[in-house]
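Asks: Quick one, what's the 3D model for this:
(3 chains)
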Amino acid sequence: MSTETLSGTDLTRQTASALASAIADGMVSAVEVTQAHLDRIGDVDGAVHAFLHVSADSALDQARTVDGARSAGRQLASPLAGVPLALKDIVVQQGSPATAGSAILRGWMPPYHATVTRRLLDAGVVILGKTNLDEFAMGSSTENSAYGPSLNPWDLGRIPGGSGGGSAAALAAYEAPLAIGTDTGGSIRQPAALTGTVGAKPTYGGVSRYGVIALASSLDQVGPCARTVLDTALLHEVIAGHDPRDSTSINAPVPRVVDAVRRGVADGVRGMKIGVVKQLGGKGYQAGVLESFDAAVASLIEAGAEIVEVSCPNFEYALAAYYLILPSECSSNLARFDAMRYGLRVDDIATGAEPVSAEAVMSATRDAGFGAEVKRRVILGTYALSAGYYDAYYGSALKVRTLIRQDFEKAYAAADVLISPASPVTAFALGEKVDDPMAMYLNDLATIPGSLAGIPAMSVPCGIASDTSLPVGLQVMAPALGEERMYQVAAAFEADYVRRFGGIVADGAPELAVAR
Amino acid sequence: MVHLAQLARIDLTTDELDLYVGQLSVILDSVASVSAVTTANPGVEPTTHAAGLTNVYRPDVLVPGLSREAALAGAPATQDGRFRVPQILGEQE
Amino acid sequence: MAPELMDYDEAIERFDPVMGLEVHVELGTVTKMFCGCATDFGAPPNTQVCPVCLALPGAMPTVNERAVEYAIRIGLALNCKIADWCRFARKNYFYPDMPKNYQISQYDEPIAYDGYLDVDVDGETVRVAIERAHMEEDTGKSLHVGGSTGRIAGAEYSLLDYNRAGVPLVEIVTKPIFGTKAAAPAVAKAYVGALRDLLLSLGVSDVRMDQGSLRCDANLSLTPAGNPVMGTRTETKNVNSLRSVERAVRYEITRQAARLAGGGTIKQETRHFDEATGTTTAGRSKETSEDYRYFPEPDLVPLAPDAAWVESIRAALPELPWVRRSRLQVEWGLTDLEMRDLLAADAVDLVAATVAAGAPPAEARSWWSAYLGQKANAASVSLAELSITPAQLARVIALVADGSLNAKIARQVIDGVLAGEGDPDEVVAARGLAVVSDDSALQYAVDEALRAAPEVAEKIRSGKVQAVGAVVGAVMKATKGQADAGRVRTLVLKALGVDAHTGPNWP
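Replies: Next up is the predicted model:
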């Protein structure tokens, strides 16, 4: 989009890259862009509930700093300087409350920045506020948030996916052009799929986890979200890179994903081998999702890609392994929420003759402060790690993880990238699965194998399901550190989609009623 | 279940205990397949780290930490520059 | 109610003690194990903390390379194998002084394993087998307020200081120590003492037991004499001095023996040593059994110490205490017994420092073990606690050697130094103790003495050199003992034209 057309248009409908160049060229100020998004949040967030906290003052301050630098003739800090962003409320930002969607952290003010937060601020990205999520990122709908669910801008009776439903909903509701998500088993990709937006989970270790409230340390990964592949890639380059504060961070050059996007737009997918994973489809997948996916495959063939079917037999056990590894690690990671140093403390316990003890306060606080899903997983993880069960559960799950990695290795010997639906279903209704943990867990069927293997994977919108009229996401997975080819394929697919349908999927979302 | 709840320091109500016993047994049944698949694939090494890194060290150099005020700012209770907590049971007679 | 105790000799006759010693040493790194906070002892509470050691949400650990190096150094000095691949694990249990509610430790993959330490127990060398040395982090400190005793159970609330949380620890665990019989308490003390000396020489810790930078837990069980079945063990904590190690083991032997002999059983439990009474008391029994749910720490990556690194650490190991002791024994020309006496008196380092300050070894050893030994005994302090430094003693010895002092006055000078009157030279000046060493003054006294006894002078001149003693005595008397007798003799012989070297040995 050229900058000439920007004035007079709704700034919130622009892409991040268009806003960034308009700001850099002086066509619009960062403050104007920020204010437009704050206004939009004021207009629609009452209905969408994407945000848990809006930092209007600090956002405008950050925008003013960018404008000041520009008017002083200084080089802008990054290609995204002055562009607003929604930060998932599991990434800490000094001076802004952090809850992780849990009552146990209500009111906690972090005294430090996550590395990702620092990189964003250093890049001149304007942080609008903190977005809603399932409590400690445990869930696929945001219904596990202690602060109420976020709603899907495509249909306010439906959920936006989870755990990063708030970030995805903020993008789909045009409250922000950029967002940060975290993905442990699909928490970036599944909400992206359900809201018609783009979300990428980088290679494990590609983005620092320092300052990101841990769910399952060996799986958690921070990633960029936006409405277009290019915007996602621009954000990816801002947040990625080695961090000495995260021992699991990869010490290697950041993949040149923006160049890869440009290559994808220019060169397409001609000659690339794209693998379709036999096990990620069929049973358990909604007809409209499969239909949309098949159409995507057809368009890739048309664009010159070679499609190969690959088989990953151990993916069958991925969900089981995941639901042992995650609870085990989270039972330990969440032990620090104990009412001693920060957060909620429940100490008005009727204990009879017994004086109140630290132990009693811990147990009462954790019962009151954690929601049902968190308690369920903490108990499950405590069980899976306990003496006598470790080998059968946690130990075995780690071996399944190896088998899944081996499946991926074989598949990548046959294909450059792998594709699948990002979610087996489109956005489901509020309350539909909330009482059935197993049904909820199945939402991550397609995304969990990539999480266990630590490979990069992203969801790019591939159309609207004919049976629900809701967006469908295409998952593109690449080998570890293979982000460039992942983005290239996603960008090529998106460009092709825009050519055929005249715009990106997110543009088709219904207008939201403005509450003014 | 009561023992697990104690280990996890969560004071579950009887209703919660009943609910979780049922739900956990369903979950455990469905995750038990991992045990079978590893038995069928002997010699497979566990993967604890997707990253596959080793020897990541930090030099023994001071890094500024938090001021005491910042350290204590989020605490439910403090006294004399320390975190104040209910009496600790456990050890001692 | 105090438990019954069995007479120690009877206990040893009926039971064989089996010990296991766990020593925690706080490493003397600048920063903590997993974050860049300072490790200084005694800082105001919660001033050496950060998001990592306070376990704030989102914070992550990073491994202090020097702590790993120190752990390897300790492992090598204990003759251990160094793991070529190992990991940290999480030990999960809730306790308010441990912010994460798990401790990052090493579980089944310690950095060092299978070593030994030879310790000297009353002249016998006992080899203590080392099971493992592994890295972990310390906890914070809690202050219990409101109870009558200040103990946890009586407290109404606790105050937490996390300055110590995350300070690097190495835990050194012995294999079960069998067959020590009556010497068990002495072996325990000697082991911890030898380990302390070793750690000090390695420069990895200040090993201050009084400040908790070296802490010992003593596991003890009794086996009926001649019965190979292991007994149930107790773990005694809070053993904070070498003497306490010995007392705690001895106490547990007599307590367990009495209990077993009376038909009772030993409960596997943690006990606390009370310095004041010299007894151990049971800890509160836990409501739930311990289940630490160890699993590999996912926030850290495995350690695979490079062989070249390990070898460079080995090559840079300082001289180990036992090697140094043998070297010094040879250098100082001491018999085994003399060396052992020095060791027993904790005088080796003092003698070595005195020698380093220029004193001949024989003189240095003699002063420390004889005169200063008496002084220390009289004051009931250790030699090191006497207020005289090796350098000061070396100066006194030098003054004797150059004739400025004789032995008797030297003792007075030392008395002055011990009394806080300053350096030897200041004492000499202040007390007017300078030996008459001015040859012209001495010469006058010598001439006077010879004039007073011409017949003696004639005897000496005619070859009866041993007669010189009478003249020297007269000079010493005239100078009130402040002359150097050797110098006087030389002057007398010179005055009479006799070659001193042809005479018989003095005196």
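Asks: rest of the way, CA atoms for contacts and neighbours
Replies: Will do.
Asks: Check what pLDDT whatever residue of the stretch 301-450 of chain C ends up closest to chain A gets.
Replies: Residue of the stretch 301-450 of chain C nearest chain A, by C-alpha to the nearest C-alpha: C:Val301 (6.5 Å). In this model, C:Val301 is scored at 96, pLDDT.
Asks: Tell me which helix or strand it sits in.
Replies: Using DSSP states H and E, C:Val301 falls within no helix or strand.
Asks: Could you pull up the mean pLDDT of stretch C:307-321?
Replies: On average, stretch C:307-321 scores 95.
Asks: next one: stretch C:40-47
Replies: 96.
Asks: How far off centre is it?
Replies: 26 Å (C-alpha atoms, centre = their mean, to the nearest Å).
Asks: the strands in the stretch 351-500 of chain A, which residues?
Replies: A:417-421, A:457-464, A:471-477 (DSSP state E, counting those that start in this stretch).
Asks: what's the answer for the stretch 151-300 of chain C, then?
Replies: According to DSSP E, counting those that start in this stretch, the strands that the stretch 151-300 of chain C contains are C:157-161, C:168-174, C:214-224, C:234-239, C:269-274, C:279-282, C:295-296.
Asks: do chain B as well
Replies: B:57-58, B:78-79, B:82-86 (DSSP state E).
Asks: Tell me which of the ones you listed is the most buried.
Replies: strand B:82-86 (a mean of 25; mean count of other C-alpha atoms under 10 Å in any protein chain shown).
Asks: For whichever residue of the stretch 251-400 of chain A sits closest to chain C, give me its contacts.
Replies: Taking C-alpha to the nearest C-alpha, chain C has its nearest neighbour within the stretch 251-400 of chain A at A:Arg336, 4.6 Å off. Going by C-alpha atoms under 8 Å, 6 or more residues apart in numbering or on different chains, A:Arg336 touches C:Ala55, C:Leu56, C:Pro57, C:Pro99, C:Lys100, C:Asn101.
Asks: of all those residues, which two lie farthest apart?
Replies: C:Pro57 and C:Asn101 (12.6 Å; C-alpha to C-alpha).
Asks: okay, these two: which has more neighbours?
Replies: Using other C-alpha atoms under 10 Å in any protein chain shown, the more surrounded residue of C:Pro57 and C:Asn101 is C:Pro57, with 28 against 22.
Asks: any idea which residue of chain B is furthest from its center?
Replies: B:Ala40 (30.5 Å; C-alpha atoms, centre = their mean).
Asks: Now do the contacts for that residue.
Replies: Neighbours of B:Ala40 in contact, by C-alpha under 8 Å, 6+ apart: none.
Asks: residues in contact with the residue in the stretch 151-300 of chain C positioned nearest to chain B?
Replies: Nearest to chain B, among the residues of the stretch 151-300 of chain C, is C:Tyr157, at 3.9 Å (C-alpha to the nearest C-alpha). Counting by C-alpha under 8 Å, 6+ apart, C:Tyr157 touches B:Arg84, B:Val85, B:Pro86, B:Gln87, B:Ile88, C:His144, C:Val145, C:Gly146.
Asks: now do A:Val265
Replies: A:Gln488, A:Ala491, A:Ala492, A:Ala495.
Asks: go again using 7 Å as the cut-off
Replies: Shown in contact with A:Val265 (C-alpha atoms under 7 Å, 6 or more residues apart in numbering or on different chains): A:Ala491, A:Ala492, A:Ala495.
Asks: same deal with B:Val34?
Replies: Applying C-alpha under 7 Å, 6+ apart, the residues contacting B:Val34 are A:Tyr317, A:Ala320, A:Ala321, A:Ser396, A:Ala397, A:Val400.
Asks: For the chain, name the helix or strand with the lowest mean pLDDT.
Replies: Just going to use chain A. helix A:437-441 (a mean of 85; mean pLDDT, DSSP states H and E).
Asks: Chain B is the one I meant
Replies: Per-SSE averages on chain B (mean pLDDT, DSSP H and E): minimum helix B:14-31, a mean of 85.
Asks: what separates that one from the chain centre, distance-wise?
Replies: With C-alpha atoms, centre = their mean, you get 20 Å for helix B:14-31.
Asks: what residues does chain C put near chain A?
Replies: For chain C, the contact set with chain A under C-alpha under 7 Å from any C-alpha of the partner chain comprises C:55, C:57-60, C:62, C:92, C:96, C:99-101, C:291, C:293, C:298-301.
Asks: can you put the strands of the stretch 151-300 of chain C in CSV and add mean pLDDT?
Replies: As requested, those are exported to CSV (pLDDT from 0 to 100):
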stretch, mean pLDDT
strand C:157-161, 94
strand C:168-174, 98
strand C:214-224, 95
strand C:234-239, 90
strand C:269-274, 91
strand C:279-282, 90
strand C:295-296, 96
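Asks: Alright, that wraps it up for me.
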